[in-house]
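J.: I'd like to go over a predicted model; first the sequence, then the structure.
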Amino acid sequence: QVQLVESGGGLVQAGGSLRLSCAASGRTFSTYIMGWFRQAPGKEREFVTTIRWSDGHTYYADSVKGRFTISRDSAKNTVYLQMNGLKPEDTAVYYCAASQFYIPRYDYSSQYTSWGQGTQVTVSS
């Protein structure tokens, strides 16, 4: 099992930037993929981005392409989410997720086996 701890959320004005971090501990040697989902009030949890641990291949939701960047530091077992050009519609609780095993649909939250507690991101207009 992998334990995930997020940090870096906060309040920012539209157009601003934030960087989220997610530190993994436990059985990190077997991590296959790590990513970020978000959930706004009254909405379902949605895929944001994910990174394959072995080769760094990344996937992004269309809504964040060109604005958000996911990266990883393998030595620290940490994944980062750099968010630029933030919009009010980006306001949500952001969750870090991981899977130790291959998953065919990286954008399905149900396929991830480990989750962080979430960090709030609020973008004011």
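T.: Structure received. Numbering: from 1, shown residues only.
J.: return the distance of residue 58 relative to residue 91.
T.: 23 Å (Cβ to Cβ, to the nearest Å). In short, each C-beta sits where N, CA and C put it, glycine included.
J.: check residue 23 too.
T.: 24 Å.
J.: for residue 30, same thing?
T.: 34 Å.
J.: more neighbours: these two, which one.
T.: residue 91 (18 against 11; other Cβ atoms under 10 Å).
J.: ok, what's across the strand from the most centrally placed residue in the chain?
T.: Central residue of the chain (Cα atoms, centre = their mean): residue 36, 1.9 Å from the mean position. Beta-bridge pairing of residue 36 under DSSP bridges involves residue 49, residue 96.
J.: oh, and call the first residue 44 from now on, that's how I've got it
T.: Noted, 44 is the first residue going forward, which turns the last one into residue 79.
J.: could you look up the SS state of residue 153?
T.: helix (DSSP: H, G, I helix; E, B strand; the rest coil).
J.: and residue 62, by the same measure?
T.: Going by three-state DSSP: residue 62 is strand.
J.: pull the number of nearby residues for it.
T.: 14.
J.: and it, what is it in contact with?
T.: Neighbouring residues of residue 62 by Cβ atoms under 8 Å, 6 or more residues apart in numbering: 51, 123-126.
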